[in-house]
Every structure is written in structure tokens, then in C-alpha cells.
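Colleague: Predicted model and sequence below, questions to follow.
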Amino acid sequence: MRRALAFVMFLLVIPGSAAAQSRGRDLFVQGCSSCHGFGAHGVPGVGPDLHGVGEEAADFYLRTGRMPLDVATGEQPLREKPAYSERGIRAIVAYIGSLGGPRVPKVEPDAGNLSQGQRAFTTYCAGCHQIMGEGGVVTGAAPPDLEQATPTQVAEAVRVGPYVMPAFDSREIDQRTLNSIALYVRDVVQKPPNRGGWGIGNIGPVPEGMIAWLLAGGVLVLVVRVIGERMER
Amino acid sequence: MRGAPRLLPRHRAPRWAELAVAWALILAAAAAAGFIAVYALDADTQWLGLLLGGAFALLAAGSIVTAKALVPQEKKEQERESLDHDAEDLDVTVYVQEAGEGITRSRLLKGAAGAAGLTVLGALLVPLASCGPLLDVEQLRRMAWRRGRRLVDENGRPLIADEIAIGSMTPAFAEGVDRERLDASLIVVRLRPDELRLPPQRADWAPRGILAYSKICTHAGCAVSMLRYPLFAPKAPSPALVCPCHYSTFDPARAGKVIFGPAGRPLPQLPLSIGENGELFAAGRMSGPVGPSWWGVERG
Amino acid sequence: MIYRLVRYLDTRTGQSPLLKKLMRYVFPDHWSFMLGEIALYCFVVLVATGIYLTFFFEPSTHRVVYQGEYSPLRGQTMSEAYRSVLDLSFRTKAGLLMRQTHHWAADVFLVAITLHVLRVFFTGAFRRPRELTYFAGVLMLALALFEGFAGYSLGDDLLSGMGLAIAYSVVMSIPFVGANLALLIWHGPFPGTDQFFSRLYIAHVLLVPVAIGVLLTFHLVSIAFTHHSQFRGSREREDNVVGVPAWPGYTFRTLGLAFATAGVLFLLGGLVQINPVWQWGPFEPSQSTNGAQPDWYLGWLIGALRLMPNWEPHIGSYTLIPNAFWGGAVFPLIVFTFLFFWPAIERRITGDDGIHHLLDRPRDAPWRTAVGVGFFTWVGMIFFAGSSDRVFVEMNISYESQIHVYQVLVFVIPFVAAFIAKRWCEGLLRRELHPLRTPGGGPVRRSASGGFERLRR
């Protein structure tokens, strides 16, 4: 009985996923093939071969709106509103997945350890993304802030290494560490512990200096102008 | 005071000013009392700051209104006393000169006094040299890495060559050495063997394309914690190790050459070898001194 | 009752004549003369809050494992110093308020000093007989810069630790003796030993504050001796002082400013977060973060360090000028040399060695204003270059191209600014002498019928 049920489920899934893949292929040909080639084998100097990149990469790039590329090839893709609907994304992801490569990575922030995440984030991520995930600079690129990154997107980026980001596979950042990093992004980066009041961007002395000059300096100069006299004309 | 002559101009404080100052003081008192209450309860930082700061701001308002309206308004003129007292200056000079009039061997005494002064001062300052190994610059040349030393991660686990993927970066340390030492830390990256452009004498320094460089920037000592590695190489920036302090950019494929930024020396490279169980070992010493440049730092 | 108190004190000290003189001492009351006072009151807040902090801070690099309430750091190893700052921020009532007020006070202290220095420079207040006052001021500026840096480095967090590594590198870069000096100060190669930390601590809480206190006292006393300078006016002359007497007028004015300063600082201290060290994590020499900056008043130095091309002249095996020396030492040396020697330079150029109690308006000394504008524009541009990476993040202008552009503009713009400043001053002066002759206009003539016509030149 159970085997029959499983067989029925199997039959239902195949056409479903096949339909998704075929729809995905259509969308791909429409919107992606100009840079990635009709067969997704890539166009030299324009767009990479997508065989072997897997659902993992496709899901990342499409959900963060980095693909379709809005800038010139070679420039840094930026996060935007996704160009496709949820169904469209699933379809394209299924199609790219069918070309081989890793699935969408599993990640469970709640199974991670926040302190381990803080440590791992400092070691692997803070150099580019800044310790509070506010984004930063490397010569040639601007590692983005992580305000909108979902745990899955964090995991995908860590594994894929988009644009000029290093790619860390599970031998270097294992599942537990990945969970912890995602937890840190969710619970610290995206909910900054601003015990001291207005966080002014969580990037340290630059906005602090602006407040010291414009707010404190401005108010105190105003005060002395009230107290003191002005020059005779 | 009764009977005492009048000294300040007559002044009548306007009513609004008196009320304003009174209110300012009362509200300041309330705010300060509020501060004490909040402190006793949960001491929330924002409320504490608002109340204490507010109390001071109210006191400020009260003081300023007092200054501008409550007390007599005066614009006074005063004569500037001369700062020129030539007669006294002369007297002072004469006092000094006449005190020494009886001395005949003044040059001898001045010389001796000078010598004594300098040396005693020197003697008092010399113990400051105990603050550190002032003369022992050799300490800057000590090396945590030598042939056979194993690479470990920050938990002390040995680094395995197979666990390092192309296009990734891992920090590493010298086994058994204090991790805080500048000369102990490394950043390990892996490039495709065809990407390497090492000089001939370093041809075997990067087994399987795994490269190890000092993690400490040669410009001003910050940790080089950024790896730039393109996913799609054409037109994207080439692989580089970048320091987040002043953006010194080093080329890991070209022996740590400086390709942008203010660093004056390339990033020192450590030759690697892979042991029997795939563990990474240092195959020799660092190619150059670690950390920022100084007068006697070895170049090249 | 007041009389009884005064009698009591006077019969035991004999100082009523002095007190009376002080009470009627006259203060010229232009608003820009109070900028230095803002700095003074910031210093008072710094000392008061600083003393409070010393009751809780643990100046030790001894390693401990954190088990406190900030969970992202629980279980991590850190110095006692860093832990004591975390505990002060999270566990001690009003601890975070005091810490933040102290840090804001430091930032605003330097804002006030900067404004004050600019006012003194552009009005020629450093001229005879006020040179000593001025030198004390320049020294205090240098001490304040060091003091602020030392203060926030005591926290041993990731951000300030990176700053200490850079400071070490700058000391190392001093020709001939740099390495020796660095080993001396740090008690060995970086990161040094616990003793370095003890030295930093005692410098910050005792040595430098006392030095600033002594210089400040001298500064204020010498102002009193020379009487404050003043702007020219209907009653103001070289041989008098016109203004508000100390009592009652100036007392309440300055009290108002003191309270306002304390008010602003405590409001900021409670409401606007500053230096949230728990977010940075503890310092380790092998770690760093992007976006690390020194406090604002050292931004000119990070700008210089980032802008310098990678020149590191060496002869044989000796490095004459390690790169960090240019931006970290030569540049501030130039700035302080300029500040220190400017009175003498101006005397030499103008040939004016006379006493000046009347101040110039900036327009009254067009070439001093021009040189000052040029010089401070130079420093200012380098300062802004120091945060050009954030400009890249916000406005997507490539970092490398910003640096290259700055490297050129930093020498072009100051001259342009100086030129414009000079012309502006001269134009303003001209307009004062000839109110009807605006820069764009010309002489006019009124005709018999009542209209005006432009006279053609």
C-alpha cells in the first residue's frame, strides 16, 4: 500500500517538475540566453556557463534580483527587486538545477550558536561586510550590507561566492558554522543591539563625528550666538 | 546693603524673565528628580540621558535668561594696564647680574653647571629604558615559521590541503605559537594552478595552488582579511588580498606584489608543503619580514 | 549674610581687593569668544565622567572568558579591560550613560577646539602679547588628540585595537629610532605586554589630564593678564577693554554655557549611541573589520595614510622612510609646525611686531585669511579623503578613482580656495569703503529729472 502511494506521488511529481523545468527553460531563453547562451553554456567574455552551478546559484541570483544583470558585464551586480514572480523563479531555478550542481543549501539559524556565529562572522565576513554587516569596500567592489539577506541567501552567498566574494564550501565552513553565521546575521546584523540609543548606522566614528559637528556643534554655536553679542555693523 | 554706596546700575527684572527662570529651575528640579527615580527603577539609558540632559538644558535656559534679563545689563569700559614695566625688568636683570658679580671663574662654573645639569637629568631619564627592549631590535626579526611547522586553524586543528577550495580564504596560525604574535598568523588562499605567476625560485611554494601569506599588512599592521576572487573572471577584478585599513591590495598570484595602495613591501609569503595525511606544513621561512616596515627591515 | 561670609574669608586670606577686582573684570562678549569656553566645559565633563569610569574600568589585558549578558560574546575569550567595559555598559546602572557622555564629550571637545583655533587664527588673536597663550593652546590641541586616541584605545575592542596597530606602525616608521621607540613603548613587538596597557591607562587618566590642566590654567591666567582681545567698534580701542563685567553679567552667561554644554553632552550620552564596543567584539591582531575608522579628530591622519602613494625610499638594506611615516608623522608634523610658527612667519612677512589688542575681521587681513583658508582646506580635503570608502558605498563612485582624484585635488583645491578667499576679502573691504560700488556695478549719476544713469568708464 505504501509503495503504491509512493509510486503515485512519484508520478505526480515528475510531470510537475518537468513542467516547471520546461517553463523555466522558456523563461531562460527569453531573459537570460543573450548572455548565457541558448544552451546555458555561456558566451565567452559575456556570461558564464551555468552547467554545474546548480539551483543554489540560480536561486541566489534570481531572488536577490542580481540577475537579470542591470549593469555591464564585469561590473558588480546589485541587489534589486526580483524581476520574476515566485513561480517564475522556481521555474528557472528548476531548469538550471537540471543542468547539474548543488541544490539550495539547507540552513537552520536556530540550530546555530550566536557566539560561534559572531566569531565566524568576524573571521570570514567582517573584513568585507563590516562587523555589523553594514557593507564595505574592497578595491574593485562594494560588499553589500546584509539588512535584507535571508538565512538561505546568506548560505547561498557563502557557498557560491558571487562576483568577487570568496566561495566557502562545507569543508571550510561546515553546516554548524553556517547555521551560526546565519543566526548572527538574523539576530545581530538585522536587529542591532543598540543599547546606547540611536544607532546612527552602526558603522562607528564617521556618523559619530557628523553628530558631534552638526548636532552638538550646531546647537552649542547657536547657544553662544544667543549668549554673546554680534559685531557692530 | 543699607548704608553702602550704590555700585551697579538700577535694574528692574521684567516679570516674564522672573517667571521664566522660576519655571526653568522648577522643571530642572523635576527632571533631576525624575532621573533619580528612573535610576532607582530600571535605569534605562535613554531615559537617564533625557532627564539629566534635560535638567542641565533647563538650568542653561534659566542662567541665560538671568544673564540677559534678570541682572543689570552693563557694558563697561576698562583701561588696559600696560604690560610694559621696563624699570622692573631692569631691576630683575640687575638682581641676577649683581648676585654673580663676585664670581671670577664664571665660564668654568657655567660649563660645570651645564654638564652637571645635563647628566643628572639624563640619569633621571635613563631608568625609562627599562620600559622595553629598547636596544633589542632583533626581537622584530623573530620568526614563528620555520620548516616543518604545522598550520592550524584558530581552534588548533591542523589545516588539511583537501579542505581548502579554490577561491576561498582561511586564516591559519603556527602550531604551538601564541596567536597574538604578528609573525604567527597567515591567510591561506587557493588559486587555480594556471592562475599562478610566482617567480621561478618560488615555483614549488604553492602545492596544488594553495598559497600562504602573512596576514599582517606591511603598511600599518592591520590584518589582511579580504580576498577578492572573481566568480566570472573576464572583466571582473583579478584575485587579490586586500587590507581594510588603507586598502593596500596584494596579488597572491604574483608573490604578494602590491598592486594598489600605500604598502611599500609585498606581503611576505610562506612556502608550503603537504604532509603524508594531507596536512599543511611550512616548507621553510617567510619570504620576508612580517608587519610594518622600519629602519632596518629587510627588503625584497 | 553674604557680608559675614566675605568678611570671614577676607580676614583669613586678605584677598577681598583681588576678589573685587575680579568681579568687575571686563569680558569682551562677542559670541565667537565663547568657543574656547565650550571646550573648557567639555573638559570639565570629561574629567567628571572620566573619574566615574575609573571606578569601574579594569585596566588589565589578563584574559578571561565572558559569561555576561551579551549573548553574542558569551563564552569568548577577551581581556579583563574589554569585559569591564561590557559590564559597565550592560550591568552597571547609568554606566552606559556615563561612558557615552564621556566619549561624546571627547568628540565635542575637539570640535570646540577646532572652531576656537580657527577663530583665533582668522582674527589674528595670536599676535603680541598673546603668543604664550597661543603656544599653550597649540600644545593642548596636540595633547587632546593623543588623549582621545588613548581613551578609546583602552577598551581593547576590535576597532580601537586596529588603531593601536597603526599607531605602532607609525612609531616603527620613524627613521633610525622608530623600532627602538616602539619596542620601548610597547615592551616588545606588537601587541606588546600588559605593561603597555598600564602605561596607556596612566597616561590617559593621570599624565595627560594633568598636563592639559596645567596648560589650561596657564592659558586662562595669561588671557587674564593680557585681557581678552576685542573687535574694533564705536568704543573699543587698543588701550581699553569693553564688555560685560564678570559679576553679575558674565558669571551667568558662562554658567549658562556650562549647563548647555553639560546638557547637550548628557542628552547625546543617553540618546545617541557612540562606540558600541560590544558590536565590534574583542581585539585580536589577526582580525580586522571593514569600515574601521579612528574617531573623527584623527580622520585627517587616516586620510593621509590612505592617500600616500606607496613610496618607501630605501638605500641598500635600510629603509629611509617607511610608508606609514609620511601620513602618520610627517603630515601632522607639518600641520603643527605651521600652527606653532605661524605667528613668527606672519611677523616676518608683515614686519608687524606691534601689540594688537584689537582683532582683525578675516577680511581685514586678506592674505592671512587666504593662507589660512588654503592651509585648512588642504587639511580638510585630506580629512574627507579618509572616508571616501563610505562615499563609494553610498554613491557608487569607484574607490580607486576617488583616491587618484583626491591625490591631485588635494594640491589644487587649496590654492583655488585661497585665491577665492583673498578676492572675497578684498571685495568686501572695497565694498565697505565704497558702499555703492558693488562688484557688478559701477558709479552712477543722478540726473536733474531724478533718474539714475550708469557712468561709463
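Modeller: Received, thanks.

Colleague: just the residues of the stretch 151-300 of chain B that are near chain C, which are they?
Modeller: Taking Cβ under 8 Å from any Cβ of the partner chain as the measure of proximity, the stretch 151-300 of chain B contacts chain C at B:171, B:173, B:179-182, B:184-185, B:215-216, B:219-226, B:243-248, B:258, B:260-265, B:291-299. Heads up, the C-betas are built off the backbone N, CA and C, glycines and all.

Colleague: Please spell out the PyMOL selection for the buried subset of the residues you listed.
Modeller: This is the PyMOL syntax for the buried subset of those, where burial follows 16 or more other Cβ atoms under 10 Å in any protein chain shown:
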select buried, chain B and resi 171+173+179+180+181+182+184+185+215+216+219+220+221+222+223+224+225+226+243+244+245+246+247+248+258+260+261+262+263+264+265+291+292+293+294+295+296+297
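
Colleague: Quick check: which of the residues of the stretch 151-300 of chain B next to chain C are also close to chain A?
Modeller: B:171, B:223, B:225-226, B:244, B:247, B:260-261.

Colleague: Could you give the average pLDDT over whichever helix or strand C:Met162 is part of?
Modeller: For C:Met162, the host element (DSSP states H and E) is helix C:158-172. In this model, helix C:158-172 has a mean pLDDT of 97.

Colleague: after that helix comes which helix or strand?
Modeller: From helix C:158-172, the next helix or strand downstream (DSSP H and E) is helix C:178-186.

Colleague: For chain A, what is the nearest residue in the stretch 351-457 of chain C?
Modeller: C:Asp389 (4.1 Å; Cβ to the nearest Cβ).

Colleague: Wait, that residue touches A:Gly136, no?
Modeller: Yes. Between C:Asp389 and A:Gly136 there is a contact under Cβ atoms under 8 Å: 7.4 Å.

Colleague: out of the two, which sits in the busier spot?
Modeller: Using other Cβ atoms under 10 Å in any protein chain shown, the more surrounded residue of C:Asp389 and A:Gly136 is A:Gly136, with 28 against 25.

Colleague: Greatest separation within the ones next to chain A among the residues of the stretch 151-300 of chain B next to chain C: which pair is it?
Modeller: B:Pro171 and B:Phe260 (22.4 Å; Cβ to Cβ).

Colleague: Find me the pLDDT at residue 65, would you?
Modeller: Using chain A. According to the prediction, A:Gly65 has pLDDT 95.

Colleague: if you could check chain B rather than the one you did, that'd help
Modeller: For B:Val65, pLDDT reads 96.

Colleague: related to what we said a few turns ago, what count of nearby residues applies to the residue nearest to the residue of the stretch 351-457 of chain C closest to chain A when sequence neighbours are not counted?
Modeller: Nearest non-adjacent residue to C:Asp389, counting by Cβ to Cβ, 6 or more residues apart in numbering or on different chains: A:Val137, 4.1 Å away. Neighbouring residues of A:Val137 were enumerated by other Cβ under 10 Å; the total is 24.

Colleague: I figured A:Val137 hits C:Asn290, correct?
Modeller: Yes. Using Cβ under 8 Å, A:Val137 and C:Asn290 qualify as a contacting pair, with a distance of 6.6 Å.

Colleague: what sits in contact with each of these two?
Modeller: Shared contacts of A:Val137 and C:Asn290 (Cβ atoms under 8 Å, 6 or more residues apart in numbering or on different chains): A:143, B:244.

Colleague: Can you tell me which residues in the stretch 51-200 of chain C are near chain B?
Modeller: C:93-94, C:96-97, C:100-101, C:129, C:162, C:165-166, C:168-170, C:172-173, C:175-180, C:182-191, C:195, C:199.

Colleague: centre of the chain versus stretch A:153-168, how much separation?
Modeller: 8 Å (Cα atoms, centre = their mean, to the nearest Å).

Colleague: for stretch C:189-197, same thing?
Modeller: 28 Å.

Colleague: hmm, back to that, buried stuff in the host helix or strand of the residue of the stretch 351-457 of chain C closest to chain A?
Modeller: Using DSSP H and E, C:Asp389 sits within helix C:388-395. Buried residues in helix C:388-395, counted by 16+ other Cβ under 10 Å: C:388-390, C:392-393.

Colleague: Name the weakest-confidence residue in these, if you would.
Modeller: Within the buried residues of helix C:388-395, pLDDT reaches its minimum at C:Val393, with 79.

Colleague: list the contacts for that residue?
Modeller: C:Val393 touches A:135-137, A:142, counting by Cβ under 8 Å, 6+ apart.

Colleague: In the residues you listed, find the pair that's most separated.
Modeller: A:Gly135 and A:Val137 (8.3 Å).

Colleague: can you list residues touching both of the two?
Modeller: A:143, C:393.

Colleague: got the contacts of C:Val393 as TSV, with pLDDT columns?
Modeller: As requested, those are arranged in TSV below (pLDDT from 0 to 100):
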residue	pLDDT
A:Gly135	94
A:Gly136	94
A:Val137	94
A:Ala142	93
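
Colleague: returning to that earlier point: residues in contact with the residue of the stretch 351-457 of chain C closest to chain A?
Modeller: With the criterion set at Cβ under 8 Å, 6+ apart, C:Asp389 makes contact with A:136-137, B:247, C:291, C:399.

Colleague: Might one say that C:Gln100 is in contact with C:Val277?
Modeller: No. C:Gln100 is not in contact with C:Val277 according to Cβ under 8 Å; the separation is 11.0 Å.

Colleague: ok, the two, which is more surrounded?
Modeller: C:Gln100 (28 against 21).

Colleague: helix, strand or coil for that one?
Modeller: Following DSSP: H, G, I helix; E, B strand; the rest coil, the label given to C:Gln100 is helix.

Colleague: Now do it, the pLDDT please.
Modeller: For C:Gln100, pLDDT reads 98.

Colleague: Please apply the same query to B:Lys75.
Modeller: The model's pLDDT for B:Lys75 equals 89.

Colleague: Ramachandran angles for it?
Modeller: phi -120, psi 110 (degrees, to the nearest 10).
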